[in-house]
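Novice: got a structure for you, letters missing:
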């Protein structure tokens, strides 16, 4: 009976220590949540990847917009109605931090 009790206590202590270590590792190796607006924005863009905006493609420009680098949409092939749709989407859809993007 005593050996059972000792084994139970040892397993309890090991479980508690591993739980604490996992909690510490979770905080130390935390990965920021990706902004879901990025993928939506890439899908709204024409997808030509022409580089006329000065970025390597639509994905690069979308990242610059979402990160706040750009305050305009420099995409030349983008139609005006699609541009307005993107502007409205970014103004009304908050990111992971709760902020929206005001772009022209």
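Specialist: Nice, I can see it. Everything numeric here is computed off the predicted structure, so don't read it as measured data.
Novice: Return the distance of the spatially most central residue of the chain relative to residue 70.
Specialist: Centroid-nearest residue in the chain, with C-alpha atoms, centre = their mean: residue 34, separated by 1.2 Å. Residue 34 is 19 Å from residue 70, where distance means C-beta to C-beta, to the nearest Å. Bear in mind the C-beta positions are built from the backbone N, C-alpha and C, glycine included.
Novice: what's the answer for residue 19, then?
Specialist: 44 Å.
Novice: Kindly report the same for residue 41.
Specialist: Distance from residue 41 to residue 70, counting by C-beta to C-beta: 11 Å.
Novice: out of the two, which sits in the more crowded spot?
Specialist: For residue 41 and residue 70, the more surrounded residue by other C-beta atoms under 10 Å is residue 41, and the numbers stand at 23 against 19.
Novice: element containing that one, please.
Specialist: helix 36-44 (DSSP states H and E).
Novice: List the contacts of that helix.
Specialist: 58-59, 62-63, 65-66, 82, 85-86, 89-90, 93, 95-96, 101 (C-beta atoms under 8 Å, 6 or more residues apart in numbering).
Novice: and it, average pLDDT?
Specialist: Averaged over helix 36-44, pLDDT sits at 90.
Novice: can you check stretch 62-76 too?
Specialist: Stretch 62-76 shows a mean pLDDT of 89.
Novice: measure that stretch end to end?
Specialist: End-to-end distance for stretch 62-76: 14 Å, by C-alpha to C-alpha, to the nearest Å.
Novice: Buried residues, that stretch. List them.
Specialist: 62, 63, 65, 66, 70, 73, 75 (16 or more other C-beta atoms under 10 Å).
Novice: Same list, those, but as JSON lines with distance to residue 15 and secondary structure please.
Specialist: Output for the buried residues of stretch 62-76, formatted as JSON lines (distance: C-beta to C-beta, whole Å; DSSP: H, G, I helix; E, B strand; the rest coil):
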{"residue": "62", "distance to residue 15": "45", "secondary structure": "helix"}
{"residue": "63", "distance to residue 15": "42", "secondary structure": "helix"}
{"residue": "65", "distance to residue 15": "47", "secondary structure": "helix"}
{"residue": "66", "distance to residue 15": "41", "secondary structure": "helix"}
{"residue": "70", "distance to residue 15": "50", "secondary structure": "coil"}
{"residue": "73", "distance to residue 15": "53", "secondary structure": "coil"}
{"residue": "75", "distance to residue 15": "54", "secondary structure": "coil"}
